[in-house]
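Enquirer: structural data only, the sequence is not supplied:
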């Protein structure tokens, strides 16, 4: 089941002794990951640069829809900005929960995909009723070609504190961020009107409240304080924590 909505990749409940698998980390692996798995070693079509890994990590070339690991081989599985590229997200998720006991998934939300679409993204994804719902972008109405990513990815996150606060404190606005334990539900190209309307119809008040339910003022204050603490902690950690830089996979000997 879905257990929580982390503020970001550095707000995960990974334990000290957990064995951690990261799938499709690309140019930006998490330092805490023990094993990195990626399908494409030279093809950067689905990522922003070549594969990077830290010296302590093991790299395995593997398809996320057919992982070469045993049942519950990992305590924690990270899948960050990958599922929107998958050919078969249902099969991909089944493999993630097969090899992992719990984990973290992050994808663009519908609004995130609209503001900074990628041609390599096959799916628009929403979190509805604690289910990840995938809808093929080719079936979607609307304009998914105008890319405002320069503003919302490369300018505001680095220049605007209010935008950072919004990005972190409002869960599932630009990104779907979930931690799961054991298993969780997903739907792919739903045909029933209840789910498909979120992708094919104009949102009314009821639909909006379903995705973004109203909250009390005290809840808003708590969210704001939590987001502020997260941002301050991130700045302190970046300034004082010394770690080696990740290295290009091509410059290292693959370790199996």
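Expert: Okay, I see it. Values in this document were obtained by computation on a predicted structure and should not be read as measured data.

Enquirer: now do the strands in the stretch 101-250 of the chain.
Expert: Listed in chain order, the strands of the stretch 101-250 of the chain (DSSP state E, counting those that start in this stretch) span 123-128, 131-136, 175-181, 185-188, 247-248.

Enquirer: residue 52 is nearest to which of those strands?
Expert: Between residue 52 and those, the shortest separation by CB to CB is 6.0 Å, and it involves strand 247-248. Bear in mind the C-beta positions are built from the backbone N, C-alpha and C, glycine included.

Enquirer: off-centre distance for the closest one?
Expert: Going by CA atoms, centre = their mean, to the nearest Å, the spacing between the C-alpha centre of strand 247-248 and its chain's C-alpha centre is 22 Å.

Enquirer: which strands and helices lie in contact with that strand?
Expert: Helices and strands touching strand 247-248, by 3 or more CB pairs under 8 Å, 6 or more residues apart in numbering; DSSP states H and E, are strand 52-53.

Enquirer: list the pairing partners of the strand it packs on within its sheet, with orientation.
Expert: Strand partners for strand 52-53, identified by DSSP bridges, are recorded as strand 247-248 (antiparallel).

Enquirer: state the distance from the closest residue in space to residue 51 that isn't next to it in sequence to residue 32.
Expert: The shortest distance from residue 51 to any non-neighbouring residue, by CB to CB, 6 or more residues apart in numbering, is to residue 249 (4.2 Å). Using CB to CB, to the nearest Å, one gets 18 Å for the distance from residue 249 to residue 32.

Enquirer: those two: which has the busier surroundings?
Expert: Of the pair residue 249 and residue 32, residue 249 is the one with more neighbours under other CB atoms under 10 Å, namely 21 against 17.

Enquirer: these two touch, right, that one and residue 53?
Expert: Yes - counting by CB atoms under 8 Å, residue 249 sits close enough to residue 53 to count as a contact (5.7 Å).

Enquirer: hey, what's in contact with both of these two?
Expert: With contacts taken as CB atoms under 8 Å, 6 or more residues apart in numbering, residue 249 and residue 53 have residue 59 as neighbours in common.

Enquirer: what residues are up against the residue nearest to residue 51?
Expert: The contact partners of residue 249, by CB under 8 Å, 6+ apart, come to 41, 50-53, 59.

Enquirer: filter these down to the buried ones, PyMOL style.
Expert: To isolate in PyMOL the members of these that are buried, counting by 16 or more other CB atoms under 10 Å, one can use:
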select buried, resi 51+52+53+59
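
Enquirer: ok, so of the contacts of residue 249, who is nearest residue 147?
Expert: When the contacts of residue 249 are ranked by distance to residue 147 (CB to CB), residue 50 comes first, at 22.4 Å.
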